[in-house]
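1. After the sequence you'll find the predicted model.
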Amino acid sequence: MDDMHPTYLPGYLETSSVVSVSELALYLKELMEANDILQNIWVHGEVSNCKIYASGHCYFTLKEGEAQLPCVFFKYSRLRSDAPELRNGMALAVNGRVAFYERDGKLQFYVDAVKPLGEGVLFQRFEQLKARLAAEGLFDAERKRPLPPQPAIIGIVTSLQAAALRDMLRVLRTRYPLAQVLIAPSLVQGTEAPASIATALDLLNEHGEADVIIVGRGGGSIEELWAFNEEVVARAIARSRIPVISAVGHETDFTIADFVADYRASTPTAAATAAVPNIDDWRVEVQDKAHDLTLLMQDRIEDLRTQLEHAQRDLQRVSPLKLVDQRRQQLDDTMERLQTQMEHLISLKQERLRGVSLQLHSLSPLLTIARGYAIVRRDETQEVVTSIQQVQPEDTLTIQVQDGHIPVRVRSSQQ
């Protein structure tokens, strides 16, 4: 066999053969499926990066220390096992099977059932710091300052490589190109990130020209966002003389920074939207004002036109032309009445003529003929013969029937 040709034997791979990626992936998949321990095992850890999609399937990472395990909890398994709602920071024991997902080339744990074990370490740290800072009043609504309505300079604390920075700059440039942006670069992830974020906030305050500060980053797991849950960041936001907008992660992510900040935005893009007015709204407002001014001018012109019409009517009332118009109107009315009377008279005459015509028609001998009778006339005098006394032998007569005339000659008459 050619050594360069891929070779795959189910359950066995020769070390000397060159195999394709799909063959290796299939081998790993079957290797795990053949292990009974991996097909029904309980694993415990802390939930992170938990997401539930519209399909109802839940994807999360189970972590312990530096180790992590991607997990999939399908909708039908969640409903069947009556599982509680999962969230980041929850300590959990999960039952299921380990498999190799060929498409993504990664090992995954397919969950069949879950058992809550309380809160994880990170969540406990979060709640403890949150309670302590809340007791100090750092979350009180009274200490939160309103955002400036028209900031000239916007300060941003985030990573220069972050996609969130590009999104914020795009929104600021589109909504309010009049403002300037002052960036204080910082780390947003890792052990050195909290101190870096606090230093950048202090630097913007020392600079003193920013009207509002946006601090944040895009979405990630609870570990990736943890820098914004550290006390040093919370203290830096609290002591800022400049209003601070917190924009960390996605809409469902909440950090300590969100509670301390003067304004919490669901995303960095939403933060940029909240920080500045929309210049398009100003354009609309100017257009509305122009429209209102146009309406006022039109109303004034309409008032003047109404006054002019009143003056014209006053002149018309005293004008001799009005009397001429009245006489013309009277003449038109008289002509109209005369025409109506003539039409009525003609209609009466027509009805009377129609009645006479019907009466003559009813007396017409043609109707008698139509019923099967005949009319006999003497040809010589055209008189109607109604008696044998009126004719003599050899007289010529004409008999009129419905569809024509019959000429006859009298040979004799009998009573």
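-> All right, it came through fine. Residues are numbered from 1 along each chain as shown.

2. quick one, domains of the protein?
-> 1-34, 38-119, 145-279, 367-409 (automatic domain parsing).

3. With mean pLDDT, distance to residue 348 and mean neighbour count added, can I get those domains in CSV?
-> Quick note: C-beta positions are derived from backbone N, CA and C, even for glycine. Output for those, formatted as CSV (pLDDT from 0 to 100; distance: least, C-beta to C-beta, whole Å; neighbours: other C-beta atoms under 10 Å):
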stretch, mean pLDDT, distance to residue 348, mean neighbour count
domain 1-34, 66, 107, 12
domain 38-119, 86, 86, 16
domain 145-279, 91, 81, 19
domain 367-409, 79, 27, 12
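
4. Ok, which of these comes nearest residue 125?
-> For residue 125, the closest of the domains of the chain is domain 145-279, at 7.5 Å, according to C-beta to C-beta.

5. one step back: mind checking which of the domains of the chain is nearest residue 290?
-> When the domains of the chain are compared by C-beta to C-beta, domain 145-279 sits nearest residue 290, at 16.4 Å.

6. Show the residue spans covered by the strands in the chain.
-> Assigned by DSSP state E, the chain shows strands spanning 41-52, 58-64, 67-73, 90-101, 106-119, 153-158, 180-185, 212-217, 244-248, 263-264, 375-378, 396-401, 404-409.

7. Output these as a markdown table; include the columns distance to residue 306.
-> Listed next are the strands of the chain as a markdown table, based on distance: least, C-beta to C-beta, whole Å:
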| stretch | distance to residue 306 |
| --- | --- |
| strand 41-52 | 67 |
| strand 58-64 | 71 |
| strand 67-73 | 75 |
| strand 90-101 | 75 |
| strand 106-119 | 77 |
| strand 153-158 | 53 |
| strand 180-185 | 53 |
| strand 212-217 | 52 |
| strand 244-248 | 55 |
| strand 263-264 | 53 |
| strand 375-378 | 84 |
| strand 396-401 | 84 |
| strand 404-409 | 84 |
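
8. between these, which one is nearest to residue 270?
-> Shortest separation from residue 270 across those is recorded for strand 244-248, at 6.8 Å, computed as C-beta to C-beta.

9. chain center to the closest one, what's the gap?
-> Put simply, strand 244-248 sits 29 Å off its chain's centre (C-alpha atoms, centre = their mean, to the nearest Å).

10. Dump the C-alpha coordinates for it into CSV.
-> Output of strand 244-248 as CSV, limited to C-alpha atoms (Å, rounded to 0.1, in the frame of the first residue of the first chain):
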residue,chain,number,x,y,z
VAL,A,244,-18.6,57.9,34.0
ILE,A,245,-20.5,55.6,31.7
SER,A,246,-19.9,51.9,32.2
ALA,A,247,-20.2,49.8,29.1
VAL,A,248,-19.1,46.2,29.8
